[in-house]
Structures are given as C-alpha cells and as structure tokens.
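A.B. asks: Could you look at this predicted model? Sequence included:
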Amino acid sequence: MLHFDRRLWRNFEWVMLGAVLIVTLLGLINLYSSSFTRVSYGTSVFIKQTYYCLMGFGIISIIILLDYKILSRWSYPLYAMIISMLLATLIIGDTVAGAQRWLDLGFFRLQPSEPAKLILIITLARLYSRKDTSAGLSFKELLIPIGLTGIPFVLITKQPDLGTAILLGLIFVSMILFVKLKWSTLAALTGIALFLAPLAWRFALRPYQRQRILTLFNAGNDPLGTGFHIAQSKIAVGSGSIFGKGYLQGTQAHLDFLPERHTDFAFSVWAEEWGFIGSIFFLACYFFIVLWGMNIARSARDKFGVLLAFGIASLFFWQGFINIGMVLGLLPVVGMPLPLFSYGGSSLVTMLAGIGILMSIRMRRFMT
Amino acid sequence: MLKPLGNINKTDPAELTKLKKRTGVAAVIVLGVVTILVFWLWHLQIHQGDEFLQRSENNRIRVLQLAAPRGDLLDRNGEIIITNRPRFNVIWVRENASHPDEVIKQLANLIDLDISTLLDRIRTGADQPRFIPIRLKEDIDWPTLVRIENNSFNLPGVQVEVQPIRNYLHGNLASHLIGYLGEISRQELNKRRGDGYLMGDLIGKKGIERVFESYLRGERGRRYIEVDVRGFTQKQLQVIEPLPGNDLQLSLDLDVQKAAEESLKGQAGAVVVMEVNSGRLLALASAPHLPLEKFIDGISSSAWQALLADQRAPLLNKPVQGQYAPGSTFKIITAIAALEEGVIAPETTFACGGSILFGGRRYHCWRPEGHGNVDLIKAMAVSCSVYFYQVGQLLGVDTIARYARKLGLGRRTGVILENERAGLVPTAAWKLQRHREPWQDGETMSMAIGQGFNLSTPLQIARMTAAVANGGRLYRPMLVTAVRDPDGNIIHEFSPKLEEEIKSIRPQTWQLLRESLEAAVMREQATGRAARLKGVAVAGKTGTAQVVGRALIKDLEKDEIPRHLRNHAWFTAYAPAEAPEVVVTVLVEHGGGGGSVAAPIARDVLASYFRQKTRFTDHPLPTN
C-alpha cells in the first residue's frame, strides 16, 4: 500500500499544490486583517489557523502516499464512523450560538459535518464505480444513494446547519447527473422536487431561514433587520472599487459592520480591501482549482477515480459559488465557509484532505 | 505491506471515455458561473463602486449598548435588599480619531470637569475600537443633564446614556454575602466567550453577585442610531430594550440580619442564624463590613490597600472563610464521643481542683478554685475543662476526631459561597505527616477542649449545633430559595438539602446533650446565662478560644492585653430549647470571654428572631 513508486515523484502534482498554496495563503493574509483589532484576540485566531494549515498540509502529504483505491475499501467504515459522530454531536456536542455542531475531541473541536461532505462523495463514488451505469440510472437505482445522503442530511439539518445540508444535496444531485440518469428518472425527480419545494418552504425551514430568502429580494427595505448583513456586505464589496481600500484599511470590516467577518463573510473583507483587481485574482485562483479538479477527473485511470475527483471538484465549486454569491447578495444567507479561505479548522483540514485525494488520483493516472 | 488491491473497475473503456467527456460539460457550467460572479463584481465594484464608497463613508449607523438592570435580591418575606437605580453618564460616540478642541473645552465646562481629566479619559478610551463609545463622566446630576441637552447642537458625538447601577437600600447590610460587581477582566472575557460579554461590562466579582451571575445579569439591549459625518444623531433607527435579570429570593430575614450586624458593631466577627430543620440561613453576618458603594466604579487602590491592611480583615467573609479554634463549643463533640464510646456514664463524676497535672505539666481549668465534683451536665453547664481533660485522655485523639468529622467539622458544609474553608480536625496520622512528629498525649488534652490544632468556621459550629438540636441531621446551609423572573413568577425553586443523617449516634445521647446545653444557659452557675430570654428557653454553649498560651499574658490585667492576643469569644445556641427552631452561632474575634461577649449578642439576635416571628403569629412578645 505504501509502496513508493518513483513514477510518483516524476508525476508529482505541482499544479494543484501551487494553486492551493496560493489560495490558502491569501486566506491567512485576509484573516490577519479581519481579526485584527487592537482589543481582540486577533493573533490567536490567526495563529490557530496557521496550525490548521500545517495540519492540513501534513494530511495531504500522507494521503498522496496512499493509493486512493484504498478509499473504496474504506468507504463504508468511514461512512459508519461519520454517522456515529454526527449522532454524538447531536447528543453530547457543544452548542455555539444556538447550534450544536461541535464535538470536543480534547485536542481539537471537530465539526463532523465538514468531513461528512467528503465521506459522502467517497461513498457515492464507490457505489457507482461498481455498477454499469452506461444505460443511465433508473429510479430504483437511486434509492440506496438517496438513503445514504438522506441520513447525514437529516442529522445535519437537526443541528441546525442548513448550509452544509444543502451542500450534501447538491453533491448528490451533481454526482447522479454526472453518472447519467434515464430521462424518465430525471423527469420524475424534477416533478417530485417541484412538488416538495412548497412543502419544504412551509415546514422544513425555520422562520429565520425563510426570512433570509425573502430578504434577498428586498434587501434595501430593512437595513437593520435581516437585510442588514447583506446590505453591509454589499457596501463593503462595492466600496472596494477597482483597487480596494488597501490592506488593513477596510472601514466596513474594522468598524464592525460586517458579521462573521473571519468566517462566512471573509470574502467581503478581501473585496473591500483589494478591490475588483484583487477579487478577480482570487476568483481566478479559486475556480482554477475547480477546473483543474475536473481535469484530474478527466485524466483518472479508473471509474472510481473519475467519480471521486468529480465529486470533490463539485464540492469546491458549490461551496465557492454559494459563499461568494451570498456575500455579493446574489444568494440567500446560509452559513457556509469559503473553502481554504475562511477561518475554521474542520473546514480547512477537510478541504485540504480533499485536495490530497485529488493529487493522489492525478499522480497515479498512468499506473494500472 | 497489504495485499495489492484488485481492479475495482468493471467498466468498459467506452463508458469511461463517455464519463470523462462529461467533465467538459461541467467545466462549461463552472465557467458560466464564474462569468456571472465576475459580472456581478464588476457591477458592484466598478459600475456602482463610487456609490457604495459614498455609502460606506456615510455608513454611520452606530450601535449603543444598553446595559440590562440586574435582578433584585429579596429577603424571605419579599422585602428588597438591593435593587438598581438609573445613572446618567456622558459618553462620546467617536467619528474620527481627532477631537475638536472647542468641543472639549465647552464640554469640560458644561460637565464641570477639568480639561486634563477629560483628555485623560479620551486617551484611555482611544485604545478601544471606534464603535465602543468613550465614557466621559459618570453619574451627572439633573441640571448637568439639562445643560448638555440644551447645548447638544454644539456637541457632536456627545450623548447621555442611562446605566442601571446597584442601589444598596440598606447600606452595607450583608455586604459579604451580596458581594460586589466589577469590570469584567480579560481572563473572564476569555473564559466566558460566547456568553455575550463585552469589554467594560460589569460582572459579579464576589458573593451572590458572582455565584448567581448568570441568573442576575439579564440581557443587554441595543440602540441603533444614524449619525452624520460630524457625529450628530440624525435619527434613531431601532431600539431593542434590555431584558432585566432575574430576582433572587434569599432565605435571609432582613430584621434578623440587621440585628446580627447591629450587635456586632465595632467588633470583628461573625454571626450565623440558621433554621434547625432546613438549613436555611436567616442571617450570615461578617464584621467589619465591606464598603459596597466604593466598589461601584471600581475601588480606588488606596481604599483597597486600606482594606487589605486592616487587622480586622474586612475582606474575609468570616462565617465561611474564617477559621478559629472552636474552644469550649467543641466540648459538645467530646461529650458525644465519650457517651457513645461508653468511657463515661452520664452520672460519672470527676473532681476538679482548678487544674490537673499530666506528664509533668499542669493543665488549668478556667476557674482557678475549681468546680469540685462534676458530672457531665454540670461539666457542660459550668464548662469545666478538668472534666474534659480526663474524658479526652480516655478517648484518645483519633476517636475524638472521628466524632468531630461525623458532626461536620473538618469538611466544607457546601454552602453556595466562594472559598469556603474546611477547618481542621487533627489526627495522629495528620500530625506525623504534617509536622513529622508523633502526637503527644498532652495535645489530646487541648483537643478535648477545642484548643490546639482544632480549627472551625462559625458555619460549621452552627451546623453542628443544629445537628444536636434536631437529633443528628446535617443540612446543607442554604441561602437562595427561589429565582423569579422580572414579572415575579418563580422559575426555579431550591429546596432544603439533607446531606446526611447521623444514625450511629443513639437518641438518648442527643437527648442528654440537649439537656446539658439547656443547663449551660438556664442553670444557676451556667456560663451562658447572659443568653437567657424571657419567655423562650435557650440552650447553648460558650467558648473562649485562646489565641496564645496563658503564660504569655497571665500577668496582665484584662484590658492591658493587646487586642490581637485576646481570646476569641464563641457562643452557639438554639431555641426554643424544648422544640428547636433556630440556631445562632456568634464569634467575636479577640472579643474576650464567650459568656460575657458572645452570649449577649446571641440573645439580641434570638430576641429579634422571635420578635419577627410574632409579627406573623400570635406569640407573646419576648423581651431581653
């Protein structure tokens, strides 16, 4: 398993590593600014994130030594483990700001919903890699994957962490579309979704979540209520203009107008201080990772590798799109960090582990 | 090395190729989304960039925090002990780092503060983030308030905030128990992250204010105001009213507490008043008191130094934190041990000639001429030490220690106050370990009369006395009986907690002890006769705890002895003797004799208890 082939060195995945290093570094630079206040605990958040980075890159170096095929074998044990951790979180987890998302492991407060995303991708990839799917999936073939997605979906919704739950749903949809559906299945699913949407709106969403969606359409009307955050975030981004206000100079961020400015709204701090130029640079680096991930999927040596790489790339895509869309006022506010960029140990380590898997797939593309 | 993984792909190459082609479709979707994001960024930052820049510069919504009034403390009859009053402070909501001199000058004039003090305040506050207003002057009076309002058009950024602060309706009554507030420290802020504290918040630092902080604090409110470039309030946008904290109903009785503190006036010491059959504390007094008013805005360092230096230790909450040799009150323990172990019968007598020779050393009774032949009841009544020296020798240190611990000495009572001390019950093993010397038989003599290494808190002695009165039940002393929301509804109720029932001691032993304690107050020669009350039979035990060996002070007249070498005076009692309701334990530091100093205090406190009781029932009025 750990047998080290010299071809691995020759094929070392510098491109992905370089892109990820840049985005992570931008994240740290930005975190320093967003947590920089003379009375706050700025340095400690910054230093913590630096440790998480080192931890994440350590994990990458372990993962690239492993053949990713081993994940196919481990998928169900991993799945069982993460489900029990999600259950444990609900029962004994720490509550922060009304949400029960953390599990105290002593040395690390883990948010199991983060690795759950990655493990769901591994599990679904394993499931479809063993099936002949060339004819497209029938409705019956979807039942097991729906179940596999549904269990963590419900557990995470209960925390409540709507953002991550939605992501699980999007991963599921992306992967079944990628694997290919029968037309009849697609039609049936669309029908069900259209039927369920109003019910979900009425029963599944909490009032504040409904409010956030409504807010999107009339953010200006209510600058101090729910619309406050979006309005302030838009002011922050917009006032960055072409060149930005300069590093550590963002008034929106430093005068406390931005909520969650080192986690979910990290990008608005960046956009305020670095302007359009800086934002475009960031988008380019970030979505390059997504596209290169798709490229890794295209070049993978087997079906499991293709599905796995595609799943991880789509995770990066959805999370980046939803977070930035939210910060720019295009999408409703859901709690979702920007991968590699927002503060948060569980998210950073999980996403870097995902990068490690992508690199492992890439480096073994010529081996059989 | 694990076995190599087999080929897990059952897919034919054609399907794999098809699958891979779909990544192209995905890439197109990704690029489409990126285009949308870039377009929207362009729209916000370039197309509308100037407009947003303008808005960010005019973004002058300021949030003013509104402190919540803390919950009140009520006594057991619902009378308010402490509450809040509004205080008006001048604050400055900053717009930029510079401060126009004219404004400062005018303000200094208006609020009657010299310019240098004002500038000092501003400089200190400038270290904080700009969104936190700087407090310039606290507690301005009404005329000043009116002057500021009238001149507000000249004072950009200057506001008046209303802050609720503690109002001590009864001065320093129960000051140690109530405790005080102080500005939250960095460590506390760190520890309570997520609880919504901000720098500059007040938090309970001592006493009930600290222990029940989470019930008392309430929830802050916010006032959103929009200010213009110069800092003038344009309009008030929204106010979220603060939510007052919950009230605590204490078991304390205001009148009894007052009587206890009144009778301790001028002394240093403690009074505990506790219900015999529930452990509810009716009074818990510690003298000298804490100057509560001085703590409101943070005590000055000179005042703090003075408190620290005061020999009478005003910072100590003596009923629970003071540890003293229990003196003759400890004879209760020795007597119980002797009866239970069978080393004496109630009628066993010893002869007291004023002293006894043991191991070449003379041990004195307090009465030089001696007590003659004494049995147990008489020994307790006249507090004959020679009797207990001999009983102690028969028992030995470890047996006495076992009974002391049984009755709750040497361990915390579990009262919900910080830093309760455990006292000390010495044993032979303890001495060997602590002092690396074996126990001396002579030390057993001292121990039997509550001297030597023995240490107790007044609360422990009160609980021990209650156990005698109620036949062996140890309750956890209790202070807070209920938590009420601001509307007065009970949201949490605390019931008395029976910690332990001492079953191993026979009823007739308790009975005999009660008789002897009654004798110690009611008999002719009783040491505790100063505690007698008209209409109510009192039972109790005096104690006079030596602070230094008697040789050192034997040649001095009573009032020539320096204060810190004088004896501690103890008296612990319950009443009515035939149906005990309440325990009173008094300790006066360096007060002198228990019978002459502590017993009268206990009498006054008991009198106030029974007077108070008759206000609600139809008992005849007892008088002193």
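C.D. replies: In hand now; what should we look at? Given the structure is predicted, the values throughout are model-derived calculations rather than measurements.
A.B. asks: from here on, contacts and neighbour counts on C-alpha atoms
C.D. replies: Fine.
A.B. asks: what residue ranges in the stretch 51-200 of chain B score low on pLDDT?
C.D. replies: B:58-61, B:94-100, B:125-132 (pLDDT under 70).
A.B. asks: Would you mark the buried spots in the biggest strand by length in chain A?
C.D. replies: For chain A, the longest strand by residue count, based on DSSP state E, is strand A:99-104. Neighbour-count burial for strand A:99-104, counted by 16 or more other C-alpha atoms under 10 Å in any protein chain shown, picks out A:100-103.
A.B. asks: Repeat that for stretch A:296-303.
C.D. replies: Neighbour counts over stretch A:296-303 (16+ other C-alpha under 10 Å) mark A:296-303 as buried.
A.B. asks: Now B:Leu64, what are its backbone angles?
C.D. replies: phi -100, psi 130 (degrees, to the nearest 10).
A.B. asks: re earlier: can you list the strands that the longest strand of chain A pairs with?
C.D. replies: strand A:94-96 (antiparallel), strand A:109-110 (antiparallel) (DSSP bridges).
A.B. asks: Confidence-wise, which of these is weakest overall?
C.D. replies: Among those, strand A:94-96 has the lowest mean pLDDT, at a mean of 66.
A.B. asks: In stretch A:236-251, which residues are buried?
C.D. replies: Quick answer for stretch A:236-251 (16+ other C-alpha under 10 Å): A:236-245, A:248, A:250-251.
A.B. asks: Next, format those residues as JSON lines and append pLDDT and secondary structure.
C.D. replies: Listed next are the buried residues of stretch A:236-251 as JSON lines, based on pLDDT from 0 to 100; DSSP: H, G, I helix; E, B strand; the rest coil:
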{"residue": "A:Ala236", "pLDDT": "88", "secondary structure": "helix"}
{"residue": "A:Val237", "pLDDT": "91", "secondary structure": "helix"}
{"residue": "A:Gly238", "pLDDT": "90", "secondary structure": "helix"}
{"residue": "A:Ser239", "pLDDT": "89", "secondary structure": "helix"}
{"residue": "A:Gly240", "pLDDT": "90", "secondary structure": "coil"}
{"residue": "A:Ser241", "pLDDT": "90", "secondary structure": "coil"}
{"residue": "A:Ile242", "pLDDT": "92", "secondary structure": "coil"}
{"residue": "A:Phe243", "pLDDT": "92", "secondary structure": "coil"}
{"residue": "A:Gly244", "pLDDT": "90", "secondary structure": "coil"}
{"residue": "A:Lys245", "pLDDT": "87", "secondary structure": "coil"}
{"residue": "A:Leu248", "pLDDT": "83", "secondary structure": "coil"}
{"residue": "A:Gly250", "pLDDT": "79", "secondary structure": "coil"}
{"residue": "A:Thr251", "pLDDT": "74", "secondary structure": "helix"}
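A.B. asks: Run a quick neighbour tally on B:Gly32.
C.D. replies: 12 (other C-alpha atoms under 10 Å in any protein chain shown).
A.B. asks: longest helix of chain B?
C.D. replies: helix B:13-41 (DSSP state H).
A.B. asks: Tell me the helix or strand right after that helix.
C.D. replies: Using DSSP states H and E, the helix or strand that follows helix B:13-41 in sequence is helix B:49-57.
A.B. asks: CA atoms only for that following helix, dumped as PDB, please.
C.D. replies: Extracted C-alpha coordinates of helix B:49-57, given in PDB (Å, rounded to 0.1, in the frame of the first residue of the first chain):
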ATOM      1  CA  GLY B  49     -18.400  51.400  -6.900                       C
ATOM      2  CA  ASP B  50     -18.500  55.200  -6.300                       C
ATOM      3  CA  GLU B  51     -22.000  55.000  -4.900                       C
ATOM      4  CA  PHE B  52     -21.000  52.200  -2.500                       C
ATOM      5  CA  LEU B  53     -17.900  54.100  -1.500                       C
ATOM      6  CA  GLN B  54     -20.100  57.000  -0.700                       C
ATOM      7  CA  ARG B  55     -22.400  54.800   1.300                       C
ATOM      8  CA  SER B  56     -19.500  53.200   3.200                       C
ATOM      9  CA  GLU B  57     -18.300  56.700   4.200                       C
END
